[in-house]
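K.L.:
fold the following for me, if possible:
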Amino acid sequence: MSFAYIVHLANYSDGVLYILMLLFVIELAVIFDRGWYLRNAISKGKKILWGISNRGKLRRPDLEELSGMAKGLPEEALLSVALRHFNLIHHYGSARGEAFANRLDEAIFLTTPSLDKRLWILDTIVTLAPLLGLFGTILGMFHAFSILAAPGHDATSVTGGVADALIATASGLFIAMLGLLSFNAFNNSIEKTIFQLESLKVVLMNRLDGAPVVLEEEAIPQQASVIKKATA
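P.N.:
Next comes the predicted model:
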C-alpha cells in the first residue's frame with residue numbers, strides 16, 4: 001500500500017481517515033504511558049510488599065529505604081504515612097491503631113484516582129472511532145455512487161469506490177478493538193494494584209501498630225541510663 005493510495009483513501013472519506021489516524025496515535029500514546037506505569041506499579045509494588053512481609057519489626061532506616069524504592073509508585077503514599085506513624089511512636093511511645101488505619105485508608109483513597117488517569121481517553125476513542133469510521137464510509141459511498149450519475153459510467157468504478165469507502169469503517173473498528181482490549185487490561189491491572197495497596201496496609205499495620213519502639217542502636221544506651229535513673 002503506497003503513500004499515494006493512503007492519501008487517496010483519506011480524501012475519499014473527506015478527511016475522516018485523517019482524524020482516525022490522529023485518534024490512533026493518541027490511543028497508542030495512552031497505551032504505552034499507562035502500560036508502562038501500571039506494569040512498574042505491579043511488579044515493583046509486589047517486591048516492596050514481599051520485602052516488608054518477610055521482615056520483622058520495621059526500623060526507621062527500613063521505612064526510609066522502602067520509601068526510596070517506592071518513589072513515584074502508589075505505595076509511596078502509604079510508606080510516608082507509616083514513617084510519620086513510626087515517628088509518633090518514637091516520640092510519644094504509642095499511637096492509636098485506628099488512627100493509623102484511617103490514615104492508610106486516606107492515602108489509598110487519594111492515590112486510587114491517579115491509577116486510571118487518562119483512561120477516559122481510551123474509553124472515548126473506543127466509542128468514537130467506529131462512529132467516525134461509519135461516517136467516513138457513508139461519505140465515501142456518496143463519491144462511489146455519484147459515478148452512476150456520470151454518462152458512460154463504469155460499474156467496476158462503483159464497486160472499487162465502495163471497497164475504498166469501507167476502509168474507513170475497518171480502520172475505526174480496528175482502533176476501537178485495540179482500545180477496548182487495552183482498556184480492559186488496564187482496569188484489571190488497576191484492580192491488582194489496589195489489592196496490593198490494601199495488602200500493604202495490613203502488612204504495615206502488623207509491623208508497626210502497637211509494636212514496641214525500635215530505637216536506633218546509638219540511642220539504646222541512652223535509654224537504658226534514663227530507665228536506670230528513674231528506677232533508682
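K.L.:
neighbours around the residue nearest to D116 when sequence neighbours are not counted, how many?
P.N.:
Leaving aside its chain neighbours, D116 sits nearest to I190 (5.8 Å; criterion: C-beta to C-beta, 6 or more residues apart in numbering). All C-beta spots, glycine's among them, are computed from the backbone N, C-alpha and C. Residues lying near I190 (other C-beta atoms under 10 Å) number 19.
K.L.:
I190: what secondary structure?
P.N.:
Put simply, I190 is helix when judged by DSSP: H, G, I helix; E, B strand; the rest coil.
K.L.:
and if you look at the one 10 residues further on?
P.N.:
Three-state call for L200 (three-state DSSP): helix.
K.L.:
report how many residues lie close to N102.
P.N.:
12.
K.L.:
D164 and R59: what is the separation?
P.N.:
D164 sits 69 Å away from R59, taking C-beta to C-beta, to the nearest Å as the criterion.
K.L.:
what about the two, which has more around it?
P.N.:
When D164 is set against R59 and neighbours are counted by other C-beta under 10 Å, the residue ahead is D164, at 19 against 15.
K.L.:
I figured the more buried one hits G140, correct?
P.N.:
Yes - using C-beta atoms under 8 Å, D164 is in contact with G140, at 6.1 Å.
K.L.:
export stretch 133-140 to CSV, keeping only CA atoms.
P.N.:
C-alpha atoms of stretch 133-140 as CSV (Å, rounded to 0.1, in the frame of the first residue of the first chain):
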residue,chain,number,x,y,z
GLY,A,133,-15.4,5.1,10.5
LEU,A,134,-19.0,4.6,9.6
PHE,A,135,-19.4,8.3,8.9
GLY,A,136,-16.3,8.2,6.6
THR,A,137,-17.8,5.2,4.8
ILE,A,138,-21.1,7.0,4.2
LEU,A,139,-19.2,9.9,2.7
GLY,A,140,-17.2,7.5,0.5
